[in-house]
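# what follows is a predicted protein model with its sequence.
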Amino acid sequence: MATVVLLGTLDTKGREYEFLSEQVRAAGADTLLIDAGVVGDPQTVPDISHEEVAAAAGQSLAALAAAGDRGAAVAAMARGAGEILARLHADGRLHGVLGMGGSGGTSLVSGAARVLPLGVPKLIVSTVASGNTRPYVGATDLALMYSVVDIAGVNSVSERILGNAAAAMAGMARHYAAFRPSPRGRPCLGATMFGVTTPCVSTARRWLEEHGYEVLVFHATGVGGMSMEALMRSGHITGVLDVTTAELADEAAGGVLAAGPDRLEVAGELGLPQVVSLGGLDMVNFGPADSVPERYRERNLYRHNPAVTLMRTSPAESAHLGRVMAAKLNRASGPLTVFIPRRGFSTIGAEGGVFRDPAADEVLIAELRSHLERRVEVVEMDTDINDPAFARALAQRLHEHYQAWAAHHQDATTAAGKEERAEAEAGAPGRPHASTRS
């Protein structure tokens, strides 16, 4: 039977977790209850105690409680719970994680659940699920369900919400337990896209799929770039068509779609083949028009839709972006080509577009080229980024990089295997070890 792990603070929400456990079992899954509370004794008996959770984090529960630092205690219990969840999953005893709480409980459960691999069901019923959820979800497939009322007792509203959550998680857990992934016969690539670079990415994606690749497209919304790079680290993605590097502009100018200071570094660090372009570097993203910072109100602004206002990057910002990109790409250890579209970085930055600014584009291109090391291949084309010829050139170069990288990787694997077999034979019974030969 599929097992749903219920993780929460049983010192304050024991009755609620008892109800949740009953509902999960009624929906056809087993449960395992983990207590991550610090304040007091649990209101119901857990399967894994809060002492065990603290110990898994290398902490003493008594010391955490005595310190009186709620933030530090939540962080420690999240680490310990994460260690336990990882062990349960490795042992085949976890097919989903379900929790509930306010900001503290959501932070604890999400911090622990994020250690689990992509595809493992993760659900939290939370009072903060209708606000800014990025600190809790991050780059994972964790789901939040708004609790409507506070998690304080089981009442006519909460019993419906928690019952739905339990039924949903039981179904997901059963599906996960029975799921058998399709055999992967195609290399998996990541690609970044905005609406303003969709024609380019769509053309390149189709070309790559016709040549035997699976292409995962990520919306360059900050968390999109983070998700793509997380899948690189997990080994799922082994090549990158990074057309839309717009998240760098948001990071530099305080936009709302930044992906953090490490964006555009992971593929190079891992030595993966990558083709990079300048998609969306002519804009910074903000929310509704009245959310644009005062210092930017006189800039070239474009209302993309009621919820999104774009700001054209200035020559100074463009120069900075060129230097930042070069510094990141110079550290790349794998195959790399930078493609530069001379006639615009987006649909609205091309000829006739509201963000067309050749002078600002030229500053970015000049700074990028002057700071890139000579070993980095650069291809300039006299097109805008969405020209089909540009898109096909991107795809073809990534294909060439990937073929060479895969061949080298296969040669290295074969050589390592031969070396291991030689060492095993040298140390086999009845044969002298290499170091004992005269």
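Ah, there it is. All figures in this text were calculated on a predicted structure; none of them were measured in a lab.
# mind checking what helix or strand follows the helix or strand residue 108 falls within in sequence?
Counting by DSSP states H and E, the element that carries residue 108 is helix 103-113. Tracing the chain past helix 103-113, the next element assigned as helix or strand by DSSP H and E is strand 122-126.
# quick one: average pLDDT of the helix holding residue 108?
Helix 103-113 shows an average pLDDT of 95 in the prediction.
# can you give me the strands for the stretch 101-250 of the chain?
For the stretch 101-250 of the chain, applying DSSP state E, counting those that start in this stretch gives strands covering 122-126, 143-146, 188-193, 214-219, 239-242.
# between these, which one is nearest to residue 279?
Of all the strands of the stretch 101-250 of the chain, it is strand 188-193 that lies closest to residue 279, at 7.3 Å by CB to CB. C-beta here means a position set from N, CA and C on the backbone, and glycine is covered the same way.
# just the C-alpha atoms of the closest one, please, in CSV.
What follows is strand 188-193, C-alpha atoms only, in CSV (Å, rounded to 0.1, in the frame of the first residue of the first chain):
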residue,chain,number,x,y,z
CYS,A,188,17.1,15.7,-22.6
LEU,A,189,17.8,19.4,-23.2
GLY,A,190,16.7,22.5,-21.4
ALA,A,191,15.6,25.7,-23.2
THR,A,192,14.5,29.1,-21.9
MET,A,193,11.7,31.1,-23.4
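# now the strands of the stretch 101-250 of the chain as TSV including mean pLDDT?
Compiled in TSV, the strands of the stretch 101-250 of the chain are given as follows (pLDDT from 0 to 100):
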stretch	mean pLDDT
strand 122-126	97
strand 143-146	97
strand 188-193	98
strand 214-219	97
strand 239-242	98
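# buried set for the helix holding residue 108?
By neighbour count on 16 or more other CB atoms under 10 Å, the buried set for helix 103-113 is 105, 106, 107, 108, 109, 110, 111, 112, 113.
# list the contacts for the fifth one?
When you say that, I think you mean residue 109. For residue 109, the contact set (CB atoms under 8 Å, 6 or more residues apart in numbering) comprises 7, 8, 36, 78, 81, 97, 99, 100, 101, 124.
# quick check: which ranges of the protein have low pLDDT?
In the predicted model of the chain, residues 411-438 satisfy pLDDT under 70.
# my guess is residue 84 meets residue 55, correct?
No: contact between residue 84 and residue 55 fails when scored by CB atoms under 8 Å: they sit 9.8 Å apart.
# the two - which one has more neighbours?
The neighbour count for residue 84 versus residue 55, taken as other CB atoms under 10 Å, is higher for residue 84 (23 against 15).
# please tell me how far that one sits from residue 350.
53 Å (CB to CB, to the nearest Å).
# go on, residue 137?
34 Å.
# secondary structure, distance to residue 325 and neighbour count added to the contacts of residue 109, as CSV?
Converted to CSV, the contacts of residue 109 look like this (DSSP: H, G, I helix; E, B strand; the rest coil; distance: CB to CB, whole Å; neighbours: other CB atoms under 10 Å):
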residue, secondary structure, distance to residue 325, neighbour count
7, strand, 41, 32
8, strand, 44, 28
36, coil, 42, 31
78, helix, 35, 23
81, helix, 39, 31
97, strand, 38, 28
99, strand, 40, 30
100, strand, 43, 27
101, strand, 41, 26
124, strand, 37, 29
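# excluding covalently adjacent residues, which one is nearest to residue 11?
residue 37 (3.5 Å; CB to CB, 6 or more residues apart in numbering).
# what sits against that neighbour?
If you count contacts by CB under 8 Å, 6+ apart, then residue 37 has 8, 9, 10, 11, 12, 50, 77 around it.
# equivalent analysis for residue 242, please.
Neighbouring residues of residue 242 by CB under 8 Å, 6+ apart: 190, 191, 192, 264, 267, 274, 275, 276, 277.
# hang on, the fifth one packs against residue 274?
Yes: with contact defined as CB under 8 Å, residue 267 reaches residue 274; the gap is 4.4 Å.
# for residue 408, see how far away the closest residue to residue 229 other than its chain neighbours is.
Among residues not flanking residue 229 along the chain, residue 266 sits closest, at 4.0 Å (CB to CB, 6+ apart). For residue 266, the distance to residue 408 equals 20 Å [CB to CB].
# and what of residue 125?
Applying CB to CB to residue 125 and residue 408 gives a distance of 49 Å.
# between these two, which one's more packed in?
Neighbour totals were compared for residue 125 and residue 408, and residue 125 leads with 29 against 13 (other CB under 10 Å).
# give the bridge partners for the more buried one, please.
Here residue 125 sits in beta bridges with residue 100, residue 145, as judged by DSSP bridges.
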